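Asker: Got a sequence here, can you model it:
(one chain, ligands or ions: 2)
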Amino acid sequence: MNLEVDFNNVTYLIWLIVSLTFIIFFRYLVFSLSYHFTFFKLLKNRFSSRFLHKKKLQAKQYKKEIYWSAISGCIFGAVAVVFYYLYVNDYTLIYNSFSNNSWWYIPISIVLFLFLQDTYYYWAHRWMHLPKVYKYFHLVHHKSIHTSVFTSFSFHPFETILQAAFFPLIVLILPIHLYAFLTVLALMTVSATINHAGVEVYPSGKFGNWFQKWIIGASHHDKHHTKFNYNYGLYFTFWDRLMKTEYENDSN
Ligand SMILES: [Zn+2]
Ligand SMILES: [Zn+2]
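Answerer: Numbering: from 1, shown residues only. Ligands and ions are numbered 1, 2, ... in the order given. Purely as a prediction, here's the structure:
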């Protein structure tokens, strides 16, 4: 790795943090707005039966969510610099060559990464729901009972640090191709938006039921915001099912 980076240059570091914050925050804004526009304006009639709530959300809620998300963008921007430092100094197990590992490892590493992130978040999430802990930071995310696309990045700064810290830590122990890692980042954005948008976009029918049994979507995460003590997972229902924290429509 031979990237010319001077991490001792404070001006350069500030420039790097500001640039990464800008990219991360605008990724969120552009993707959220596009998603919302697609399903609530363009395809509104086609998806109206899939809307999880009929109530129109207030502008006040959107503003608060974007405010917290802007702070989340700054934190992810700062953590991205730490990540970049580790990457360019070859501390991480991120690799660029396809010859280093077999092709079959690429999809495995993506699933493994998502599963480990899901595991990390499930238990951190359970901890943040403890009554003594909850009010200090996770409460910010739960202020949105009926969620919107903008809720997807709306967290208290401490929770954002907790979430962002996973990335520089996991790449120290998990070998992953750079493209696989970028795929994970894209999936994270897509999944967070889908799960908070307030519209179920996953298929129905036999395949849809099977898919939603294992993969978390809008209906699943919506129950976390409306019923509170269920459905803590991030991508997969695995931990909720194993720990019996999954909301069951008939029995709860
Ligand atoms: Zn929660
Ligand atoms: Zn949420």
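
Asker: Name the nearest residue to V133, sequence neighbours excluded.
Answerer: In space, and not counting its chain neighbours, V133 is closest to W127: 6.3 Å by CB to CB, 6 or more residues apart in numbering. C-beta: built from backbone N, CA, C; applies to glycine.

Asker: My guess is that neighbour contacts Y136. True?
Answerer: No - using CB atoms under 8 Å, W127 is not in contact with Y136; the gap is 11.5 Å.

Asker: show me where the stretch 51-200 of the chain has strands.
Answerer: 94-95, 176-177 (DSSP state E, counting those that start in this stretch).

Asker: residue ranges with poor pLDDT in the stretch 1-150 of the chain?
Answerer: For the stretch 1-150 of the chain, the stretches with pLDDT under 70 are 1-5, 100-101.

Asker: Now do the helices in it.
Answerer: In the stretch 1-150 of the chain, the segments counted as helices under DSSP state H, counting those that start in this stretch are 10-37, 44-47, 59-88, 105-128, 131-134, 139-142.

Asker: Of those, which is nearest V190?
Answerer: With CB to CB as the criterion, V190 lies closest to helix 10-37 of the helices of the stretch 1-150 of the chain, at 7.7 Å.

Asker: Enumerate the positions of the closest one that are buried.
Answerer: 13, 16-17, 20-21, 24-25, 27-29, 31-32, 35-36 (16 or more other CB atoms under 10 Å).

Asker: which of the residues you listed lies closest to L182?
Answerer: R27 (12.0 Å).

Asker: Isn't the closest one up against A186?
Answerer: No - using CB under 8 Å, R27 is not in contact with A186; the gap is 9.4 Å.

Asker: Deepest-packed of the strands of the stretch 51-200 of the chain, please.
Answerer: Compared across the strands of the stretch 51-200 of the chain, strand 176-177 shows the largest average neighbour count, a mean of 22 (mean count of other CB atoms under 10 Å).

Asker: what about K44, how many residues close to it?
Answerer: K44 is flanked by 13 other residues according to other CB atoms under 10 Å.

Asker: separation between it and Y232?
Answerer: The gap separating K44 from Y232 is 31 Å, by CB to CB, to the nearest Å.

Asker: Kindly report the same for T245.
Answerer: T245 is 6 Å from Y232, by CB to CB.

Asker: and what of H177?
Answerer: 30 Å.

Asker: try L139
Answerer: Here L139 is placed at a distance of 15 Å from Y232 (CB to CB).

Asker: So between those two, which is more surrounded?
Answerer: Y232 (22 against 13).

Asker: Contacts only, for the more buried one.
Answerer: Contact analysis of Y232 by CB atoms under 8 Å, 6 or more residues apart in numbering lists Y122, H125, R126, H129, H224, W239, D240, T245.

Asker: mind running it again at 10 Å?
Answerer: Contacts for Y232 (CB atoms under 10 Å, 6 or more residues apart in numbering) come out as 118, 121-126, 128-129, 216, 221, 224, 239-240, 243, 245-246.

Asker: Equivalent analysis for Y121, please.
Answerer: So Y121 contacts M128, L162, Q163, F166, Y232, G233, L234, Y235, W239 (CB under 10 Å, 6+ apart).

Asker: Brilliant, that's me finished.
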